[in-house]
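In: quick one: sequence plus predicted model below, questions after.
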Amino acid sequence: MNQLIPFFVITPLLAAFLIVVTGKFVKNLDQYFASFILLFLTCISFIFLFTTGENLLVYKTGGWEAIHHIPIGIYLVMDGFTAIMVCIINLIGFLSVFYSVSYIKKFTSGNYYYALFCLMVAGMNGVVISGDLFNIFVFLEISVISSYALVAFGVGKNELEASFKYQVLGALASCFILFGIGFLYWKTKTLNIADVRVVLLEAYDQRFFFFVQILLLCGFGLKAAIIPFHAWLPDAHSSAPSPVSAMLSGVLIKAVGIYVIIRLFFNLFVPTETISVLITTLGTLSMLFGVFLAIGQWDIKRLLAYHSISQMGYVIMSAGIGMILIARNVKPEVATLAIAGGVFHLINHAAFKGLLFLNAGAIEHATGTRDLKRMGGLASPMPVTSATSFAASLSISGIPPFNGFFSKLIIIIAAILGKFYLLAVLAIVVSIITLASFLKFQRYAFFNKGEPGFRKHIKEVPFSMQFSMIVLAVICLLLSLLAIPAVRDAILSPAVHILTDPLKYSSIITGQKL
Amino acid sequence: MTAFILCFILFLTGFFGILTKRNLIKIAVSLSIMEISIFLFFALIGYVEGGVAPIVDPAVPDQLVVDPLPQALVLTAIVIGLATTAMLMAVIIRLYRKYGTFDIREINNLKG
């Protein structure tokens, strides 16, 4: 089984290369090839999701075995949390590529688009499966450099400006990350996440590592667009082609931002009270300000982009609550619940935000505008788009029986049980404002009368776009099954256990008894 | 220690450039300066006082050598830095064609 792990990186890299080489000679091969490769990866990732369980699979690149329990090769690790992340990445990736088959026709040089897309997926898969800090940096750069190019794919004024902002802030973030990794290596002389934890157990210089934590939090926070570092996100996500926005918002900020933050602060550093309070505060601020910035937007994709910041705030906040409780060493079951809520919301957000961006793309494709004030009455000419976006809107605002309700409920219950009453109230308030904002979106886009003559030549979008949207809407409903205890134990619990039990993670990877 | 302080000053120079410069090219140059200061930092943490290049000589097995791993990391990071700079420059050239200026104050279509 662990021989399959490197395929998550190798296959999309090879696909990107082949698409560029053959794309010029064979027509339309690129889109089917990219879809096929991502479908294949989705299948393997689901096999991993159902078989990994509480296990931890390690693949040692090049066959370098550890010497005296010190890992020397690059380790690729597959555990419960990683299995969930690769599923999200490849599934949303496949649906976005399949959606692009119709959507991307209006751009020239489609084969470069599919090649960059595969490269981005390869980078994200690499980030989540690698168990080595520097490797995370390398794969992160692969995925973000291809996303810079994809944001600028339209080469209009807005796209280039957004891409420039994104690149400057992204390069700044990479500098911080590299600086932090340098400091960690200086002190511990190792880069393997599990091994760093072993070294830190022996000697933990709190002030030095606080500085490193701040550097890494700044770096990955910029990638994840937590509130003081969010400036690039609305521009980049609204200017990119819609399937790419779905990838950026649904997957990229999670895989290279939130995932790495959660992984580092649970499995690499020893949680301290100061840094966990800081993380919770940043999460709460993102949650609040994201939604306030979103409420005044009239551009659909900008509105959705600001909601991404707000929803990611929920994830960071609940992970932070778990971290505070672990640092205080009280109520381990509430910490587990909070982290489970965070991971659950992470999965749900990928589904509904991916779907909402695909809906926005469908509306833009059919009407040629993104301005809510200029549309109206799209419900009758575009029934599929209307129905799926209604499902996604209910999901994101937390209305049962959709998935968003259950994850928000778990987060709020965890906050109350952990005696963080203010955070629970804020989470409820933000959820209500989100509902208001999405009712506005539904009303102006689909149910208003709109300008006369606006609806005349509007048709429903082609099959491939409809297919992706319907599949995601069904997933939104199905994900609420994760709230059932039996399903939760099979899928969510392994991910949470690996985060709350860093010693198990370290001891299996390094082969040492701790 | 002096080397570390000088390296940090180089880092701050780059950071200052990104924050204050108005010209797109100058921002790109500041980013490169910042990256280079970090490469220098990596080379410094691998340095051992009086160490030689890490090539094992069977005749002298117990030689003091510098840490080769940061050097390998720096090589990788330099290649990545090159890719970032090339991408940034490509976008700057396209921006100049669209807007006809390098001034960042005049490139402000996106707001809100």
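Out: Noted; the coordinates are in hand. Numbering: from 1, shown residues only, chains lettered A, B, ... in the order given.
In: just give the number of residues close to residue A:285.
Out: 18 (other CB atoms under 10 Å in any protein chain shown). All C-beta atoms are positioned from the backbone trio N, CA, C, and that covers glycine.
In: how about the closest residue to it other than its chain neighbours, what does it touch?
Out: In space, and not counting its chain neighbours, residue A:285 is closest to residue A:227: 4.6 Å by CB to CB, 6 or more residues apart in numbering or on different chains. Residue A:227 is in contact with A:282, A:285-286, A:289-290, A:309, A:313, counting by CB atoms under 8 Å, 6 or more residues apart in numbering or on different chains.
In: and the pLDDT for residue A:227?
Out: Reading off the confidence values, residue A:227 has pLDDT 87.
In: can you tell me which of the contacts of residue A:227 are in strands?
Out: Among the contacts of residue A:227, no residue falls in strands (DSSP state E).
In: what about these, which are in helices?
Out: The helices, defined by DSSP state H, take in A:282, A:285-286, A:289-290, A:309, A:313 from the contacts of residue A:227.
In: can you pull out the low-pLDDT segments for the chain?
Out: Because you didn't say which chain, this covers chain A. Confidence mapping of chain A against pLDDT under 70 gives the ranges A:450-455.
In: please go with chain B instead
Out: Checking chain B against pLDDT under 70 turns up B:112.
In: for chain B, which residues are neighbours of chain A?
Out: B:11, B:14, B:18, B:24, B:27, B:31, B:34-35, B:38, B:41-42, B:45, B:67, B:69-70, B:73, B:76-77, B:80, B:83-84, B:87-88, B:91-92, B:94-95, B:98-99, B:107-110, B:112 (CB under 8 Å from any CB of the partner chain).
In: nearest residue to residue 51 in space, please, no chain neighbours.
Out: Because you didn't say which chain, this covers chain A. residue A:1 (6.9 Å).
In: hmm, no, I was thinking of chain B.
Out: According to CB to CB, 6+ apart, the nearest residue to residue B:51 is residue B:66 (4.0 Å).
In: contacts for the helix or strand harbouring residue A:32?
Out: Using DSSP states H and E, residue A:32 falls within helix A:29-52. Contacts with helix A:29-52, where a contact means CB under 8 Å, 6+ apart, come from A:1, A:4, A:7-8, A:11-12, A:15, A:18-19, A:22-23, A:78-80, A:83-84, A:86-87, A:89-91, A:93-94, A:97-98, A:100-101, A:104, A:110-111, A:114-115, A:117-118, A:121, A:125, A:490-491, A:494.
In: tell me which residue is most central in chain B.
Out: residue B:35 (1.6 Å; CA atoms, centre = their mean).
In: could I get the one helix or strand it maps to in CSV with only the CA atoms?
Out: Using DSSP H and E, residue B:35 sits in helix B:24-46. Provided in CSV are the C-alpha atoms of helix B:24-46 (Å, rounded to 0.1, in the frame of the first residue of the first chain):
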residue,chain,number,x,y,z
LEU,B,24,7.3,47.4,-9.8
ILE,B,25,10.8,46.5,-10.8
LYS,B,26,12.2,47.9,-7.6
ILE,B,27,9.7,45.8,-5.6
ALA,B,28,10.9,42.7,-7.5
VAL,B,29,14.5,43.6,-6.8
SER,B,30,13.7,44.0,-3.1
LEU,B,31,12.1,40.6,-3.0
SER,B,32,15.3,39.1,-4.5
ILE,B,33,17.4,40.9,-1.9
MET,B,34,15.3,39.4,0.8
GLU,B,35,15.5,35.9,-0.7
ILE,B,36,19.3,36.2,-1.0
SER,B,37,19.7,37.2,2.7
ILE,B,38,17.9,34.0,3.6
PHE,B,39,20.2,31.9,1.4
LEU,B,40,23.1,33.6,3.1
PHE,B,41,21.5,32.7,6.5
PHE,B,42,21.2,29.0,5.4
ALA,B,43,24.9,29.0,4.4
LEU,B,44,25.9,30.5,7.7
ILE,B,45,24.0,28.0,9.9
GLY,B,46,25.8,25.1,8.1
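In: buried sites along it?
Out: B:24, B:27-43, B:45-46 (16 or more other CB atoms under 10 Å in any protein chain shown).
In: repeat that for stretch A:429-439.
Out: In stretch A:429-439, counting by 16+ other CB under 10 Å, buried: A:430-431, A:433-435, A:437-438.
In: farthest pair in those residues?
Out: Greatest spatial distance among those (CB to CB): A:430 and A:438, at 12.6 Å.
In: that older thread, my read: the residue nearest to the centre of chain B touches residue A:175, true?
Out: Yes: counting by CB atoms under 8 Å, residue A:175 is a contact partner of residue B:35 at 6.1 Å.
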